[in-house]
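> output the structure for:
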Amino acid sequence: MKTNKAKKISPARKIALEVLRRVEAEGAYANLCLNHALQRNQTIDRRDRALATELVYGTLRWRRKLDYALAAYSHRAPDRIEPTLLRILRLSAYQLLFLDRVPAWAVVDEGTELSVMLRGRRTAGFVNGVLRALARNFEHIEWPDPKVDEVRALAINYSFPNWMVTRWLNELGSERCVALLQACNRPPPLWVRVNTQRITAPGLSGLLSAAGYNVSENAWLANALQLKGIGDVTSLAAHQTGLFHVQDAAAQVVCRLLDPRPGERVLDACGAPGGKTATIAQLMKDEGQIVSVDVHPARVALTKQLLERLGIGCVKRLALDLNQSLPEPENPFDRVLLDAPCSSMGVLRRHPESKWRLAPGDLAHLAETQYRLLGKVASLIKPGGTLVYSVCSFCEEEGAGIIRTFLADHPEFELFDVRDGKRATWHKLLSNDGSLATWPDLHEMDAFYAARLQKK
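This is a model prediction of the structure:
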């Protein structure tokens, strides 16, 4: 009898629940875990794959708001509910509050059956009772009022930790803070970089349009295309034959800021899984040498796979811990890109689980690592050479604060403004001092900070 009931559970919900378990219990990354799960379940149809993705990211993005809604109809606070049951309740609550494609009774039924399947029949009454009450009354929930407590209201209504909301309110003001919260809760756009070694932007745009995608060019950046459509782009022939790679437009702008030239010697520190390495190589017309370094051998292997698919041959890959040793210190580089490990605050919409893992004290710890790495790679640059420091974050202590401290301690470097005597559309993304600052609510791309330094 239990086996028959288990068959009622859709594969999308089974996959979503297992991914959520791994993310919360094992500290896995949602995107990697979901990709692995979908690869193991090749037989499920496109709609179930899309639903599993929606359920995973939606439940993670809106976790705090879901907990608030569940608490209104449960005699147990969310932190007192057994983890498996809480995941089932969150998954079901997300469908009730945010999706209308599945009838409420079906959501309640599947949530109840999931609890029976995973934790036994004794749990059915509790799960069923909470979900039935929520299904009947969720439109009447009294959400916190910003006029009473703005931080708490925004944090619950938009599902963020209090400390992030407090920080953004102080730095940006109420209107921009709300816009940023909204942007961070939207699914990220899909940007790709044209492999200019093999095809032009119009040529790739035509192929992708013929494959059923709505294709648009980036307003600021050449060879960056945004795709809208249903399906896995990695299954397209254009992807498999190396005509493009997936890369957010902001990451592409960072490579433009580096401005690599054919024939130069370039270091891409922290280079895996290879997206920026590939774009730099294309800007260099695959002429010269790029040394791409990462501490994790498995991620270096991903760089190798990407470069082989794109047909790029000018890259030397190294698995190396920059805290322990430096790549070829006897042979300095013309240009160095340090895309430093950071809080990833600028890509929360891609990694919503980070909202619940980050703590305020983490930023200071990360800043120490960033500054140390910046000092190490700076020693590898030729006189007159270029150093670009970047992070996918808009936090002052990870971006401009690092650069101010570094310049004070290293007078041989100076901030360089690439706009001097030049005009390019992507220059509109630069701040007054010439550093890059992109925002998801302003530019429909990830939030990046990057600064270009010149060695005197």
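
> run through the strands of this protein in chain order.
Here the chain has its strands, by DSSP state E, at 190-194, 214-217, 224-228, 244-246, 265-269, 289-294, 315-319, 333-339, 381-391, 413-415, 436-437, 449-455.

> for Pro262, give me phi and psi.
Note on Pro262: backbone dihedrals following degrees, to the nearest 10 are phi -50, psi 140.

> for it, which non-adjacent residue is spatially closest?
In space, and not counting its chain neighbours, Pro262 is closest to Glu287: 3.9 Å by C-beta to C-beta, 6 or more residues apart in numbering. C-beta: built from backbone N, CA, C; applies to glycine.

> that neighbour and Ala281, how far apart?
Separation of Glu287 from Ala281 (C-beta to C-beta, to the nearest Å): 9 Å.

> about what we covered before: wait, which of the strands of the chain is closest to Arg80?
Closest to Arg80 of the strands of the chain is strand 381-391 (C-beta to C-beta; 37.7 Å).

> what is the mean pLDDT for that closest one?
The average pLDDT within strand 381-391 is 97.

> kindly report the same for stretch 117-132.
Stretch 117-132 comes out with an average pLDDT of 95.

> first-to-last residue distance for stretch 55-75?
For stretch 55-75, the first-to-last residue distance is 25 Å (C-alpha to C-alpha, to the nearest Å).

> just stretch 311-321 next, same as before
27 Å.

> also stretch 64-84?
End-to-end span of stretch 64-84 (C-alpha to C-alpha): 17 Å.

> again, but for stretch 98-112
Terminal-residue distance, stretch 98-112 (C-alpha to C-alpha): 19 Å.

> okay, now the residue nearest to Lys8 when sequence neighbours are not counted: neighbour count?
Leaving aside its chain neighbours, Lys8 sits nearest to Glu113 (5.7 Å; criterion: C-beta to C-beta, 6+ apart). Using other C-beta atoms under 10 Å, Glu113 is surrounded by 21 other residues.

> I figured Ile81 was touching Leu89, is that so?
Yes. Assessed by C-beta atoms under 8 Å, Ile81 is found in contact with Leu89 at 7.0 Å.

> before we move on, the earlier item: what's the local residue count around the residue nearest to Pro262?
Residues near Glu287, counting by other C-beta under 10 Å, number 12.

> looking at Ile81 and Leu89, which is more packed in?
Leu89 (26 against 21).

> quick one: contacts for Arg119?
82, 84-85 (C-beta atoms under 8 Å, 6 or more residues apart in numbering).

> I'd like the distance between the spatially most central residue of the chain and Thr59.
By C-alpha atoms, centre = their mean, the mean C-alpha position of the chain lies nearest to Arg350, the distance being 3.3 Å. Separation of Arg350 from Thr59 (C-beta to C-beta) stands at 15 Å.
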